[in-house]
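# coords below, sequence missing:
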């Protein structure tokens, strides 16, 4: 204790000469150390009362075995409480109560931050093991996630509606503009889109085969979700404006293509060809746009909250909407790759499938999960 005593004596001398308040000391020390420092310097340590000084080393030596045992039990419990015996669970509860008492003691009688942090982490970890809800079956997790998606969609239906209006509004606007002013086609239609439009105007598809369809499905499954993620996530940083721009741009391309197909009398061919995969795919881009609009609105209109708090408040819904849009894109990819553009599939069948999809998705968004209590964390244990 010699070095500790010398430091206490130096600090006391500085305190007596008016150099600020006494810094916190590192233990272990005993009440005798404090009394000796007082007798040597004549300065009473104001931060300490001898009744609250504890021998930290003795405390650790006495309790460390229980701490290590509790940590080991927590490691075993990570694989599931069902794999532990009843005696082990009772032992964990008993040790948890002791560690909670040790944590209260350390906070009261010690200033050793490392020790307090260790005990706090151990107590918190054990609490999480003992009081978390049991793991849900896999299919129940999937069902809860699907229900959460539909509930979040309905809760943010006005943002979804606004996103749909921007997308389809731009498509009809551009189509109408080109009908009235065909001379602005070079301005509206990007040059890189001309080959694609010319291919569509032929009104036929090439047989890709299984390998070609699989390759294109992989392309759609990688490109379209990326577009969806960008459209939704950029809303917070651009006040929703960039999300609006991307929605308008995609609608513009669709409207321009519709105009071009109308000029050659193949608009029904276009509609029936893109409708089967377009129902989930266009729904995905609209839902991702609603995510961007939601984030942008939170930044522009935080109310009495800070903007960071407003973003956190809508963050969960935004993540669900964004994840939903990505899933919709993945659903659309194999339909687009293997069905929509197959020349052997009759156009009437494609249109019929699209109608069934519209009915099914409308029923899903409007009613699925209404009888279930919303689960804010369907993928985690609470």
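Received, thanks. Keep in mind that this is a model prediction, so the values were computed, not measured.
# which element is the most centrally placed residue in the chain on?
Among the residues of the chain, the one closest to the centroid is residue 319, at 4.8 Å (Cα atoms, centre = their mean). Counting by DSSP states H and E, the element that carries residue 319 is helix 307-335.
# same for that helix, what does it pack against?
helix 138-155, helix 209-233, helix 267-300 (3 or more Cβ pairs under 8 Å, 6 or more residues apart in numbering; DSSP states H and E). C-beta coordinates here come from the backbone N, C-alpha and C atoms, glycine included.
# Need the per-residue pLDDT for the residue nearest to the centre of the chain.
Per-residue pLDDT puts residue 319 at 94.
# any idea how far the helix holding residue 319 is from the chain center?
Distance of helix 307-335 from its chain centroid, counting by Cα atoms, centre = their mean, to the nearest Å, is 8 Å.
# Show me which residues of it are buried.
Within helix 307-335, the residues that count as buried by 16 or more other Cβ atoms under 10 Å are 310-311, 314, 317-318, 320-335.
# related to what we said a few turns ago, just say which of the helices and strands packed on helix 307-335 is most tucked in.
Burial of the helices and strands packed on helix 307-335 is given as mean neighbour count (mean count of other Cβ atoms under 10 Å); helix 267-300 ranks first at a mean of 23.
# That one to helix 138-155, inter-axis angle?
For helix 267-300 against helix 138-155, the angle by axes from the mean of the first three to the mean of the last three Cα atoms, to 10 degrees is 80 degrees.
# and helix 267-300, what does it pack onto?
For helix 267-300, the elements it packs on are helix 157-180, helix 209-233, helix 241-263, helix 307-335, helix 347-367, judged by 3+ Cβ pairs under 8 Å, 6+ apart.
# any chance of those helices in JSON lines, plus distance to residue 127?
Shown next, in JSON lines, are the helices and strands packed on helix 267-300 (distance: least, Cβ to Cβ, whole Å):
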{"stretch": "helix 157-180", "distance to residue 127": "38"}
{"stretch": "helix 209-233", "distance to residue 127": "34"}
{"stretch": "helix 241-263", "distance to residue 127": "41"}
{"stretch": "helix 307-335", "distance to residue 127": "23"}
{"stretch": "helix 347-367", "distance to residue 127": "38"}
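# So for residue 71, which of these sits nearest?
Distance to residue 71, taken as Cβ to Cβ, is lowest for helix 307-335 among the helices and strands packed on helix 267-300, at 32.4 Å.
# and the angle from that closest one to helix 138-155?
If you take the same axes, to 10 degrees, helix 307-335 sits at 120 degrees to helix 138-155.
# got the residue ranges for the strands in the stretch 1-150 of the chain?
For the stretch 1-150 of the chain, applying DSSP state E, counting those that start in this stretch gives no strands.
# which stretches of it have low pLDDT?
Along the stretch 1-150 of the chain, segments meeting pLDDT under 70 span 1-54, 134.
# which ones are touching residue 131?
Contacts for residue 131 (Cβ atoms under 8 Å, 6 or more residues apart in numbering) come out as none.
# ok, now how distant is it from residue 79?
Noted for residue 131: a distance of 18 Å to residue 79, by Cβ to Cβ, to the nearest Å.
# pLDDT below threshold where in the stretch 151-300 of the chain?
The stretch 151-300 of the chain contains no residues with pLDDT under 70.
# swap the cut-off to 90 and go again
By pLDDT under 90, the low-scoring segments of the stretch 151-300 of the chain are 182-214, 216, 227, 233-240, 263.
# Surely residue 325 and residue 288 touch.
Yes - counting by Cβ atoms under 8 Å, residue 325 touches residue 288, with 3.7 Å between them.
# okay, and the common contacts of the two?
Jointly contacting residue 325 and residue 288 under the rule Cβ under 8 Å, 6+ apart are 228-229, 231-232.
# Closest one to residue 217 out of those, please.
Checking those against residue 217 by Cβ to Cβ gives residue 228 as the nearest, at 16.4 Å.
# Name all residues that make contact with that closest one.
With contacts defined as Cβ under 8 Å, 6+ apart, residue 228 is in contact with 284-285, 287-288, 322, 325-326, 328-329.
# And for residue 262, the neighbour number?
Residue 262 is flanked by 15 other residues according to other Cβ atoms under 10 Å.
# Equivalent analysis for the one 4 residues further on, please.
Taking other Cβ under 10 Å as the criterion, the count of residues near residue 266 is 17.
# what does residue 124 give?
Counted with other Cβ under 10 Å, residues neighbouring residue 124 total 11.
# That one and residue 99, how far apart?
10 Å.
# now swap in residue 92 and tell me
Distance, residue 92 to residue 99, by Cβ to Cβ: 10 Å.
# Check residue 199 too.
70 Å.
# which one of those two has more residues nearby?
residue 99 (23 against 12).
# right, and the more buried one touches residue 119 too?
Yes - contact criterion Cβ under 8 Å: residue 99 and residue 119 qualify, at 6.2 Å.
# Which neighbours do those two have in common?
Contact criterion Cβ under 8 Å, 6+ apart; residues shared by residue 99 and residue 119: residue 67.
# before we move on, what SS does residue 203 have?
When classified by DSSP: H, G, I helix; E, B strand; the rest coil, residue 203 comes out as coil.
# Now it: closest residue in space, sequence neighbours ignored.
Excluding the flanking residues, the one nearest residue 203 by Cβ to Cβ, 6 or more residues apart in numbering is residue 266, at 4.8 Å.
# From residue 340, how far off is that neighbour?
For residue 266, the distance to residue 340 - Cβ to Cβ - is 15 Å.
# what does residue 327 give?
19 Å.
# For residue 207, give me its contacts.
Contacts of residue 207 by Cβ under 8 Å, 6+ apart are 342-344.
# Most neighbours of all those residues, which one?
Counting by other Cβ under 10 Å, top hit in those: residue 342 with 15 neighbours.
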